Structure formats: C-alpha cells, structure tokens
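Enquirer: my questions concern the predicted model and sequence given below.
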Amino acid sequence: MTPVRAIVLRQLYLLRSGPTRVLSLVVWVAIDIVLWGFMTKYLNTVTAAGFDFVPVLLGAVLMWDFFTRVMFGVTMAFFEDVWSRNFLNVFGSPVSINEYLTGLVSSSIMTSAFSLLVMLVLAVALFGLSFLLYGGLVVPFLMVLFLFGIALGIVGCSFVLRFGPSAEWFVWPIPAILSPFAGVFYPISTMPVWIQWVAHLLPPVYVFEGMRAIVTGGTMSMTSLVIGGGLSVIYVFGASLVFTRVYRNAVRTGLIARYSAESVT
Amino acid sequence: MPTLAVSNLRKSYRDTLAVDDLTFSTDPGEIVGLLGPNGAGKTTTINMILGVLEPSAGRIQIDHHDLASDRREALLLTNFSAVYAPLPGNLTVEQNLKFFGMLYGVSAITNRIDTLLEEFDLRRFRRTKCGVLSSGEQTRVCLAKAMLNSPRLLLLDEPTASLDPATAREIRAKIRAVATDRQVSVLWTSHNMYEVEAVCDRVLFLSRGRILLEGNPKTLPQEHGKRTLEELFIAVAREPLSLES
C-alpha cells in the first residue's frame, strides 16, 4: 500500500504548499451553505408555520456538495499529474492501476472529509442544522453519495486521460448537469415520467428521497437505500473498468508517452 | 545472464513501423549506448522497456521478469531519467524523492534520500521546489530519483543534455561507478559522441527502427572506415544503406 500512501502524501504536500488548494476545498462549500442557509431562513418566514426548510433544503445542499467534493477530490488528485506532466514518471514506475486509483480515492477521502467538516460547522453553527434528525441513516446516505462521487470522479479522469488536458472542462459541470435529475431540491415525482426513469438510475435520488421522507415524518424504504447503494457499487466497478480500458488503450497507442499531444492520430 | 533481454521487439503505428524486430541484451555492469538520428526509434524502445508503450510484438525481460506478465517485479528493478520527463516543479526536491521513493517501495527512505542528496550535490536544494531549479540541477534531481530504488536496470535518455561540461563529466563518472560497483546495467541514449565513447562499453546504432551496427564505440568507427564515432553517426543518419551488411 506504499504507492497509495505516496499519492495521498503528495496531495498533502500540495495542500500545505499554499492557500489556493485549501481555499478551493472551503470557499465553494461555504458560499453554498451560507447562500442556502439564508434562503431557507427566508422561506421559513414566508411559508406555513411549522415546516422547517433547513433540514430539507440546507441538508440536501450539504449532502450534494459533499458528493461534489468527493468527485472533485478524485479528479483534482489526477489533474496534479496532468498539470505537472508527470505521467511518464508515475506510469513508468511499478505502481499498478488499482493502486493509482486507490491513491486518488484516498486523497479524495482526505479532502472531502475536510470540506464536510467545514460545511457541518457552518450549517450547524449558523443555521441550526441537526444531522440527528436523519438518525443513523446519515451514514448510509453519505456512503451512497461518496461511492457515486468516486465513480463519477474516475469517469472524469478516464475522459481527460482519453481526450487530453483540454477535456478538463468537461469534468467541472458534471454535478450541475446531474443535479436537476437527482432530486436534490424537489421530489422526482415533480418531473415528467420519462425523466423519473432516468432519475432512478442515479443513486443520489434514493438518498434525497429518503431524506425528504424522514424530515416530513414519513418512513424511508430500506429497499430503495439498498438499490441506491447497489447502483453506486456497480458504478464504481464500472468506472474502474472504464479507466483501466482507457489506460490500456493509451499505453497501446503511445498516448501516455506523448500525452501533451492530446491525440496520437 | 543478461539484466535486460529484448527479443524481436516491434512497434507499429498504423502504417508506420517505429521499431522493427529489435533484439539485444545488456549485461550486469555494462553501459550500452543506444544511438541513432532523431526518429530512429530510441525513445520508442525506452518507452516500451518502461512499460508505458505496448509493443506490437516481441518480448522484454528485466532480470528474468517478463515485462508483459510480471510488470511490477520488472519495474521494481528498473528506473529512468529523461530530459522530457522532469519531476513535478511544485514539489520540493525532498518531497519528490519521497513521493517516488514510496512509489518504488524503497525502504529506509529518509536515509536513502540523504545519501542521494549528498551523492548528487543536492543538499542545499532539499527544500527548494524543483520548478525553480536550473535545468542542470533538475537533471541531477532526476538522476537522484533514478537511483532511489538501487535499480538493476537504468534507462537514461540524454541524461547530461542540459549539464555544463564539468558537471556532465562528474555525472558520467558517477554513473560509470554505479554501473561497475553495483553491477547495474545501463541503457544510455545521447547525441554527444564524445560522451558515448567515454562512457559506453558497447553501442547499438539504430536506423529506421532497426539495429544497423553494434560494437565497441572505440573500435567501431575504424571497422567501418570512419575516423570518429561522430563521423559514423552522420553516415548512419545520411546513408544507412551503405552501412548495412
């Protein structure tokens, strides 16, 4: 596991080397929590008394941002090798693809946990969000989002490895593109039936539907949580296979050795 | 037994044949120069030995480990330094050496780093980011990284290209000593024929992906009617057919 620790250590060195990388873990999530925190407070004043928007909306924003940070945690660790043109040094070493991916995921655990902590402190201290409301289910909720974030992060890395550094832009909007279909802010029953079918393929849907069921006094179906978890696991395996395939193709075509060319054709 | 055994190695890109049926080996303690004009297939060959480029055909064995089926074991015994693969500029010299040392599973890494910093005169740059070092200093850091795992096979692609003559001579002597003392096999590419003659035990002249000539760099020019290795190199580059036996 030493190569995995090496990749995490490298990320730690980079985080320590200046404020920019640490700020990226704090600023966006802080802005989101503050923005949506005030929004929920305002909504609480203009809607029927008794309904609290904080756990519904702010809780959902926090969970969605956690998923986003997990995904970006993986891609950012990968981009460090892209930006420093380090592929030859890394892939010419004995590190295996599984170890490399595990290293990226471990880096993401470190950075996303830090972002989650920042969000929790702000949401609890400023807006009184209580995770106790979700009970012990908060753990599987976070786990499903974590796994799906890992899967999408690895897919993002595969895309950039396949199409070159300029494909980086593709990675950043992925969470924004998915959010309308993931039922973050509204039940998926709000959407047309065909979109609901698409939504059921997205693990976060089961988390956010479950969260809403709990805070509105209903019960959450354990089956749906299992489906969400199962889908996430499948996506992680699928994403790892995609990355491995893209990597092998890059080794066969010579793209790894001439990565800055973006294409060898 | 050879440290590196390459047999019938071939790499083609669609219609282009970059390496054509290459067979050679290097022994422990031997420094072999891989020479040839630009595009002859030197870097392609090195990339295949490093496992970052898949051969179209052929076999590579490093200390009996087949690279295709036993990649990890083969690469644990290998390391490289190339002008086109600098270490990340946003990490310090020490951080880079620690990162790569861990990738190569080096034990007692702190002691190993201390030794290499001393050996390559890098102690004063320990906490300096690689990106702010001069190109010669960066080359020395790359060479230190290449020695981290005490490799059995060392691939050096123009290792002294950006060094001043005095440092280049020092580095050559160091690599020569490493090869002899630790029985490291070195595959060395260079366009500096004086350097090749001074350091290599044997040279392989590549042209259009094939080995055109092979032999002792001190006697090979005379064997082919040339006065110097540089003259022979130019002949290989301009008239490879006239040298094919």
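Expert: That came through, no problem.
Enquirer: nearest residue to B:Glu230 in space, ignoring adjacent ones along the chain?
Expert: B:Met193 (4.2 Å; Cβ to Cβ, 6 or more residues apart in numbering or on different chains). Using the backbone N, CA and C atoms, a C-beta is placed for each residue, glycine as well.
Enquirer: the one you found contacts B:Phe233, doesn't it?
Expert: Yes - counting by Cβ atoms under 8 Å, B:Met193 touches B:Phe233, with 5.7 Å between them.
Enquirer: assumed B:Leu22 was part of a strand.
Expert: Yes - applying DSSP: H, G, I helix; E, B strand; the rest coil, one finds B:Leu22 inside a strand.
Enquirer: show me the beta-bridge partners of it.
Expert: In this entry, B:Leu22 is beta-bridged to B:Leu9, by DSSP bridges.
Enquirer: near chain A, which residues of chain B show up?
Expert: Chain B has residues B:13, B:43-44, B:47, B:50-54, B:71-73, B:75-76, B:80, B:82, B:84-92, B:95, B:98-105, B:145 near chain A, with proximity defined as Cβ under 8 Å from any Cβ of the partner chain.
Enquirer: any idea of the pLDDT on the residue nearest to B:Glu230?
Expert: We have a pLDDT of 91 for B:Met193.
Enquirer: elements contacting the helix or strand containing A:Leu104?
Expert: When elements are assigned from DSSP states H and E, A:Leu104 belongs to helix A:97-127. Contact partners of helix A:97-127 among helices and strands, from 3 or more Cβ pairs under 8 Å, 6 or more residues apart in numbering or on different chains; DSSP states H and E: helix A:2-16, helix A:19-46, helix A:59-83, helix A:138-163, helix A:222-253.
Enquirer: a markdown table for those, including distance to A:Thr216 and mean neighbour count?
Expert: Listed next are the helices and strands packed on helix A:97-127 as a markdown table, based on distance: least, Cβ to Cβ, whole Å; neighbours: other Cβ atoms under 10 Å in any protein chain shown:
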| stretch | distance to A:Thr216 | mean neighbour count |
| --- | --- | --- |
| helix A:2-16 | 39 | 20 |
| helix A:19-46 | 15 | 15 |
| helix A:59-83 | 12 | 24 |
| helix A:138-163 | 16 | 22 |
| helix A:222-253 | 15 | 17 |
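Enquirer: with distance to B:Cys200 and mean pLDDT added, can I get those helices in JSON lines?
Expert: Converted to JSON lines, those look like this (distance: least, Cβ to Cβ, whole Å; pLDDT from 0 to 100):
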{"stretch": "helix A:2-16", "distance to B:Cys200": "33", "mean pLDDT": "96"}
{"stretch": "helix A:19-46", "distance to B:Cys200": "44", "mean pLDDT": "93"}
{"stretch": "helix A:59-83", "distance to B:Cys200": "33", "mean pLDDT": "96"}
{"stretch": "helix A:138-163", "distance to B:Cys200": "36", "mean pLDDT": "96"}
{"stretch": "helix A:222-253", "distance to B:Cys200": "29", "mean pLDDT": "96"}
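Enquirer: wait, is B:Gly89 part of a strand?
Expert: No - using three-state DSSP, the assignment for B:Gly89 is coil, not a strand.
Enquirer: distance check, the closest residue to it other than its chain neighbours against B:Thr160.
Expert: The spatial neighbour of B:Gly89 that comes closest, neighbours along the chain excluded (Cβ to Cβ, 6+ apart), is B:Gly131 at 2.4 Å. Look at B:Gly131 and B:Thr160: by Cβ to Cβ, to the nearest Å, they are 21 Å apart.
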